[in-house]
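Asker: Please work out how this folds:
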Amino acid sequence: MTKSVNVADCLRDAAVKRPDATALVDLEEALSYNSLLKRAEAHARHLWRLGLPSGSRVAIVLDKSVEAVAFLFGCFMADMVAVPVNPRLKKLQVEHILKDADARLLAVAADRQSFHETLELPGLSMALLSPRAR
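Answerer: The predicted structure follows:
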């Protein structure tokens, strides 16, 4: 029987085999596999502390960045379903996506907190992410 592999397992494996090799680069920073793993694990711990059940949908409204990738891996590690949402979409489009996905949590960059406040989705929790959460 073949063992099921989560994408997060691939990151863990790379962090063991090549911890200092560059995993990601964006306009502001570069991360090694080990650093990416640590950030992803921190995001996973945060998601677990929120008490969301396994399989919960987590909407992610972040610009393309190292942090967005780290949060995606954190969702995988926490056994949650990541729902990436383009931050440039209009309010009604975002509301439709979040309702359709049955998102339980909206993860946004701290500088976009006002984005959540304009959405009309009762019961949706929000997690603020610092640009370089550690």
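Asker: Identify, by residue count, the longest strand of the chain.
Answerer: Counting residues, the longest strand found in the chain (DSSP state E) is strand 103-109.
Asker: mean confidence for it?
Answerer: Averaged across strand 103-109, pLDDT comes to 87.
Asker: again, but for stretch 59-78
Answerer: pLDDT averaged over stretch 59-78 gives 91.
Asker: before we move on, what about stretch 127-134?
Answerer: Mean predicted lDDT for stretch 127-134 stands at 56.
Asker: circling back: paired strands for the longest strand of the chain, with orientation please.
Answerer: In the sheet, strand 103-109 lines up against strand 57-61 (parallel), strand 125-129 (parallel) (DSSP bridges).
Asker: Please identify the most buried of those.
Answerer: strand 57-61 (a mean of 23; mean count of other CB atoms under 10 Å). The C-beta positions use only the backbone N, C-alpha and C, and glycine is treated the same way.
Asker: Now do the buried residues in the following helix or strand past that strand.
Answerer: Using DSSP states H and E, the next helix or strand after strand 57-61 towards the C-terminus is helix 66-77. Using 16 or more other CB atoms under 10 Å as the test for burial, helix 66-77 gives Val66, Glu67, Ala68, Val69, Ala70, Phe71, Leu72, Phe73, Gly74, Cys75, Phe76, Met77.
Asker: Show me what the residue nearest to the fourth one when sequence neighbours are not counted bridges to in the sheet.
Answerer: Setting aside the residues directly before and after it, Val69 is nearest to Leu24 in space (CB to CB, 6 or more residues apart in numbering), at 5.7 Å. When bridges are called by DSSP bridges, Leu24 pairs up with Leu31.
Asker: Let's test this: mean pLDDT of the longest helix along the chain, rounded?
Answerer: Ranked by residue count and defined by DSSP state H, the top helix of the chain is helix 33-49. For helix 33-49, mean pLDDT rounds to 95.
Asker: on that earlier part again, and the pLDDT for the residue nearest to Val69?
Answerer: For Leu24, pLDDT reads 93.
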